[in-house]
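S.K.: quick one: sequence and predicted model below, then my questions.
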Amino acid sequence: MSQATLGDDEELFGEAANEMREDVESSLEAAWTALPDADDVWETDADNVLGALNGLNSALEVGDAEDHLRDAKKWFTMGQRADAFDDADDLEADIEALEDAITDIAEAGEQVGELTSTIPALRGTLQDAGPEADDESADAADDADDEE
């Protein structure tokens, strides 16, 4: 190979490395953007607890963030293996922070999902419990006896 060709190859590698870094950064930015907005997780206009939980459950969807994270990790791994990045600590830290955020959101979604299925049953239990519930049951039974 001639000296000119080697120089061109080095320049092409540099361009490819820059493009890989841009791809990682772009995917990370898209992933962060796809995460739920903090206000959507915090605020609600629901009339009751179940409505609030259903709204929160919907707000805790990570959307395409996982796909964008996967793309970022793919290009990051490729760049690392090719030793294409001069300094990739910032990218690695951003990937880890994003993974942590997605994990936290997914765990919160699971907890909210459990509450969403538990709260209606708890409400029913509380409605059926206690002296007032016994009085209502007795009244209902008396009404049924009166009708016969």
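M.R.: Alright, I've got the coordinates. Numbering: from 1, shown residues only.

S.K.: quick one: end-to-end distance for stretch 83-92.
M.R.: Chord length of stretch 83-92, first to last residue, is 14 Å (C-alpha to C-alpha, to the nearest Å).

S.K.: neighbouring contacts of that stretch?
M.R.: Stretch 83-92 has contacts (C-beta atoms under 8 Å, 6 or more residues apart in numbering) with 13, 16-17, 20-21, 24-25, 28, 72, 76, 78-80. To be clear about C-beta, it is placed using only N, CA and C from the backbone, and glycine gets the same treatment.

S.K.: quick check: buried residues in whichever strand or helix holds D67?
M.R.: Element membership for D67, per DSSP states H and E: helix 65-81. For helix 65-81, burial by neighbour count (16 or more other C-beta atoms under 10 Å) applies to 65, 68-69, 71-73, 75-76, 79.

S.K.: before we move on, what about stretch 80-91?
M.R.: In terms of neighbour count (16+ other C-beta under 10 Å), stretch 80-91 has its buried residues at 84-85, 88, 91.

S.K.: what's the answer for stretch 98-115, then?
M.R.: In terms of neighbour count (16+ other C-beta under 10 Å), stretch 98-115 has its buried residues at 98, 101-102, 105, 108-109, 112, 115.

S.K.: where are the low-confidence patches of the chain?
M.R.: 1-7, 132-148 (pLDDT under 70).

S.K.: for it, just list every one of the helices.
M.R.: Secondary structure of the chain (DSSP state H): helices at 3-34, 38-42, 49-59, 65-81, 89-128, 130-147.

S.K.: can you give me the angle the fifth one makes with helix 49-59?
M.R.: Angular relation of helix 89-128 and helix 49-59 on a 0 to 180 degree scale: 160 degrees, by axes from the mean of the first three to the mean of the last three C-alpha atoms, to 10 degrees.
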